[in-house]
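> Structure for the following, please:
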Amino acid sequence: MNGRTGSGALDDALLDRLREVVQQVDPMPEVVLASAQAAFGLRQLDAELAELVRDSAEERGGVLTVRGEGDVRLISFETGPITVELQVTERGSARDLVAQITGIGVRRAEVETPGLRLPTTLEDSVATADGVAAGLLRLHVHTVDGRELVTSWVRV
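Okay, here's the model as predicted:
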C-alpha cells in the first residue's frame, strides 16, 4: 500500500487481492517468462559472439574451483580470425583479468557482469581489470572499425 486513506486505500487493497486471485487461477506460463527473458538478450543482436573454445579449468578434469589464491585460469574465445585469450587470477572473492585480443584493432573493452559493465585499461590490444567480483562475466569489445564483439558468458 502507498499510505493512502479512504477510497484510494480500498482501491489499492482490491487491486492487490485481484492480483493474487489471477495469479492463483491463471498464472503466467513459464514459456512467456522465458521468452521475455530471452528478449533482453536481443538488445545486443548486432554484437558478434566470440564462443568459448578452451578453458584450462575443464582441462583439470572439469573442476572449476582452483587450488588456492593466485591460481591462474586461461580461457580462450574465437570468432573467425578474432581471438580473445583471457587470463583470470583469483584473489579471494575477486578476480584480476588480463585479456589479449588479436585479429582486430581494439578501441575499448569492458567487463560485463549480469548487473553492470566495468571499464578496462587498454594498452596494445591487452585489456586489464582488477578486483572484478567472482561470478558470471563476459567481455564486450569495441573495435576501431566500429564492430562490436562479446564473448560468451563464463563463470569465474
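> Might one say that residue 132 is in contact with residue 98?
No. With contact defined as C-beta atoms under 8 Å, residue 132 does not count as touching residue 98 (11.3 Å). (C-beta placed from N, C-alpha, C; glycine too.)
> which stretches of this protein aren't confidently modelled?
Scanning the chain for pLDDT under 70 picks out 1-6, 33-46, 60-70.
> Which residue ranges make up each domain of it?
Domain ranges of the chain: 7-42, 46-155, per automatic domain parsing.
> how far is the last one from where the chain is centred?
The chain centroid and the centroid of domain 46-155 are separated by 11 Å, computed with C-alpha atoms, centre = their mean, to the nearest Å.
> What of the shortest one?
In terms of C-alpha atoms, centre = their mean, the gap separating the centre of domain 7-42 from the centre of its chain is 27 Å.
> In three-state terms, label residue 150 for me.
What DSSP: H, G, I helix; E, B strand; the rest coil gives for residue 150 is strand.
> what about the strands in this structure?
48-55, 72-79, 82-91, 94-102, 106-112, 117-119, 121-123, 126-133, 136-143, 148-151, 154-155 (DSSP state E).
> what would these look like in TSV with distance to residue 25 and mean neighbour count?
Shown next, in TSV, are the strands of the chain (distance: least, C-beta to C-beta, whole Å; neighbours: other C-beta atoms under 10 Å):
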stretch	distance to residue 25	mean neighbour count
strand 48-55	41	15
strand 72-79	47	18
strand 82-91	48	19
strand 94-102	46	18
strand 106-112	39	19
strand 117-119	41	12
strand 121-123	54	12
strand 126-133	41	16
strand 136-143	36	20
strand 148-151	41	20
strand 154-155	38	14
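> and of the ones you listed, who's closest to residue 13?
strand 136-143 (39.8 Å; C-beta to C-beta).
> What helices and strands are in contact with that closest one?
strand 82-91, strand 106-112, strand 148-151, strand 154-155 (3 or more C-beta pairs under 8 Å, 6 or more residues apart in numbering; DSSP states H and E).
> Before I go, just wanted to say thanks for your time.
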